[in-house]
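**Q** next one to model:
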Amino acid sequence: MQAVAGSRSAQRSVPATWWAIKRLGDLTVGSALALACMPIVALAALGVVAVTGGSPFYLQERVGQHGRRFKLFKLRTMVKDAHAMRHEVMHLNEVDGPVFKIRDDPRLHKLGSFLRRTSIDELPNFWNVVLGHMSLVGPRPALPSEVEHYDERAMSRLAVPQGVTCLWQIRGRSGVSFERWMEFDSEYAATWTPLRDVSILLRTVPAVLRRNGAH
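**A** The predicted structure follows:
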């Protein structure tokens, strides 16, 4: 309940038409991207099955707008039962704050690193957008265990729909400190407009191609 209360209190008052425009864009552009990416996702999924023999998709609980939880769709990049091995690699964590990230995570399967560097593993996120769990633009959805450690400023990122891409995504991703990451997300929550969403979407393409901070 702390996440819900904190995020609602930090919410900006914006015109209702902005939310309508945002949702309409998510439905139209998100649906088009989800369908366009299906061949890539299908090929990647076959590759994951070939190298691991397990399910190619991974559903993970994340925290959405106002603290609502949902299942995030992703292509699986790690070996089976990787979560049970987390305590064995905790000392390799390269990110400060409550986030856990490793550049060359030993739990990745043979295709995992490639899928992450190219962001192909995140393409199924577009179905979360279509279903209304997420937006195309907004802070990346966090794990519940991460949100438990948020301070008031970090909690403000939950005032808006969580997204596929965001300021953090185009300004360095994993190469950015946790503190700076939260600053970017708070900035977005306090200043977003439909036009700025379009700008972030357009800047995401070169950011993904550069692969800066992608791991």
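**Q** helices or strands next to the longest helix anywhere in the chain in the packing?
**A** In the chain, taking DSSP state H as the definition, the longest helix is helix 16-36. For helix 16-36, the packing partners by 3 or more CB pairs under 8 Å, 6 or more residues apart in numbering; DSSP states H and E come out as helix 125-131, strand 135-137, helix 194-210. Every C-beta, even on glycine, is put in place using the N, C-alpha and C of the backbone.
**Q** which residues are in contact with the residue nearest in space to the middle of the chain?
**A** Residue closest to the mean C-alpha point of the chain, counted by CA atoms, centre = their mean, is residue 140 at 3.5 Å. The contact partners of residue 140, by CB atoms under 8 Å, 6 or more residues apart in numbering, come to 162, 163, 166, 168, 169.
**Q** which of those fall in strands?
**A** Those of these mapping onto strands are residue 163, per DSSP state E.
**Q** now the contacts of residue 140 as CSV including distance to residue 20 and pLDDT?
**A** Listed next are those as CSV, based on distance: CB to CB, whole Å; pLDDT from 0 to 100:
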residue, distance to residue 20, pLDDT
162, 19, 97
163, 17, 97
166, 21, 93
168, 26, 90
169, 24, 87
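**Q** so which of the contacts of residue 140 is the closest to residue 111?
**A** residue 169 (21.8 Å; CB to CB).
**Q** wait, what's in contact with the closest one?
**A** Per CB under 8 Å, 6+ apart, neighbours of residue 169: 140, 204, 207.
**Q** let's see it at 10 Å
**A** With contacts defined as CB atoms under 10 Å, 6 or more residues apart in numbering, residue 169 is in contact with 119, 122, 137, 139-140, 163, 176, 184, 200, 203-204, 207-208, 212-214.
**Q** the residue nearest to residue 25 when sequence neighbours are not counted: neighbour count?
**A** In space, and not counting its chain neighbours, residue 25 is closest to residue 136: 6.6 Å by CB to CB, 6 or more residues apart in numbering. Burial measure for residue 136: 24 neighbouring residues, criterion other CB atoms under 10 Å.
**Q** pLDDT at residue 136, what is it?
**A** At residue 136, the pLDDT value in this model is 98.
**Q** helices along the chain, start to end?
**A** 2-9, 16-36, 38-52, 86-89, 112-117, 125-131, 144-147, 152-155, 167-170, 178-191, 194-210.
**Q** among those, which comes closest to residue 66?
**A** Across the helices of the chain, closest to residue 66 is helix 2-9 (CB to CB), at 5.0 Å.
**Q** now do the buried residues in stretch 179-199.
**A** 181, 182, 183, 184, 185, 186, 188, 189, 192, 194, 197 (16 or more other CB atoms under 10 Å).
**Q** okay if I get those as CSV plus distance to residue 104 and pLDDT?
**A** Converted to CSV, the buried residues of stretch 179-199 look like this (distance: CB to CB, whole Å; pLDDT from 0 to 100):
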residue, distance to residue 104, pLDDT
181, 21, 91
182, 25, 93
183, 27, 93
184, 25, 93
185, 26, 94
186, 30, 94
188, 30, 95
189, 33, 95
192, 34, 96
194, 39, 97
197, 33, 97
